[in-house]
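**Student:** Sequence and computational prediction follow.
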Amino acid sequence: MVFGQVVIGPPGSGKTTYCNGMSQFLSLVGRKVAVINLDPANDALPYECAINIEDLIKLSDVMSEHSLGPNGGLVYCMDYLEMNIDWLEEKLKPLIEDHYFLFDFPGQVELFSLHTNARNIINKLIKKLDLRVRACFQFNSSKLFC
Ligand SMILES: Nc1nc2c(ncn2[C@@H]2O[C@H](COP(=O)(O)OP(=O)(O)OP(=O)(O)O)[C@@H](O)[C@H]2O)c(=O)[nH]1
Ligand SMILES: [Mg+2]
């Protein structure tokens, strides 16, 4: 059985920062951790990622080849990942034995609502790999009190 966290939340809410901090914490307490970057808009990652969607598809290539803006490009990338879920499954398989997974997702809400490709990706992984994941929703609480 494989355990991990799906890290979601609005753009800029701290998903990538959380993945970095949590992976450091888990490493310190002796867990093997794999951070999986599934946000093609993430640049300058603070953590060393085990798997990077950039190795499958690049947002900048999609935007220039298909004349899409950042949001349209992101939807395209997530559709592409959903269609090529076997690529991700193959990359995850060698880590399943002993790693805890942290999935760093994009923040755009349409990937989970209007388009459901990000949700579909999570559901497919759960079924294919028998993943046990918790959703970790990041929210910038300071905006509530200012
Ligand atoms: N003060 C404060 N800043 C934070 C915290 N978490 C993240 N940040 C800062 O907020 C900014 C955005 O953080 P990211 O981790 O890139 O947020 P994200 O949700 O991954 O952003 P996207 O990938 O663009 O959706 C960065 O400048 C971080 O340094 C926090 O807990 N407190
Ligand atoms: Mg991020």
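**Tutor:** Thanks, I have it. Ligands and ions are numbered 1, 2, ... in the order given.

**Student:** contacting residues for V75?
**Tutor:** Residues counted as contacts of V75 (C-beta atoms under 8 Å, 6 or more residues apart in numbering) are Q108, E110, L111, H115, N117. C-beta coordinates here come from the backbone N, C-alpha and C atoms, glycine included.

**Student:** Report the contact partners of the third one.
**Tutor:** With contact set as C-beta under 8 Å, 6+ apart, L111 has these partners: L74, V75, M78, F105, N117, A118, R119.

**Student:** Flag every residue of the protein that's near ligand 2.
**Tutor:** By the rule C-beta under 5 Å from the ion, the part of the chain lying against ligand 2 is K15, T16, N42.

**Student:** give me that answer again for 8 Å
**Tutor:** Counting by C-beta under 8 Å from the ion, the positions of the chain adjacent to ligand 2 are P11, G12, K15, T16, T17, C19, D39, A41, N42, D104, P106, G107.

**Student:** neighbours around I36, how many?
**Tutor:** 24 (other C-beta atoms under 10 Å).

**Student:** check contacts around the closest residue to it other than its chain neighbours.
**Tutor:** Leaving out its chain neighbours, the residue that sits closest to I36 by C-beta to C-beta, 6 or more residues apart in numbering is I51, at 4.5 Å. Contact analysis of I51 by C-beta under 8 Å, 6+ apart lists A34, I36, N37, L88, K91, L92.

**Student:** which stretch of helix or strand covers the fifth one?
**Tutor:** In the assignment (DSSP states H and E), K91 maps to helix 85-92.

**Student:** The helix or strand just after that helix and ligand 1, are they touching?
**Tutor:** For helix 85-92, the following helix or strand on the C-terminal side (DSSP H and E) is strand 99-104. No. Strand 99-104 stays clear of ligand 1 (C-beta under 6 Å from any ligand atom), getting no nearer than 6.9 Å.

**Student:** quick one, strands of this structure?
**Tutor:** 2-8, 32-37, 51-52, 99-104, 131-137 (DSSP state E).
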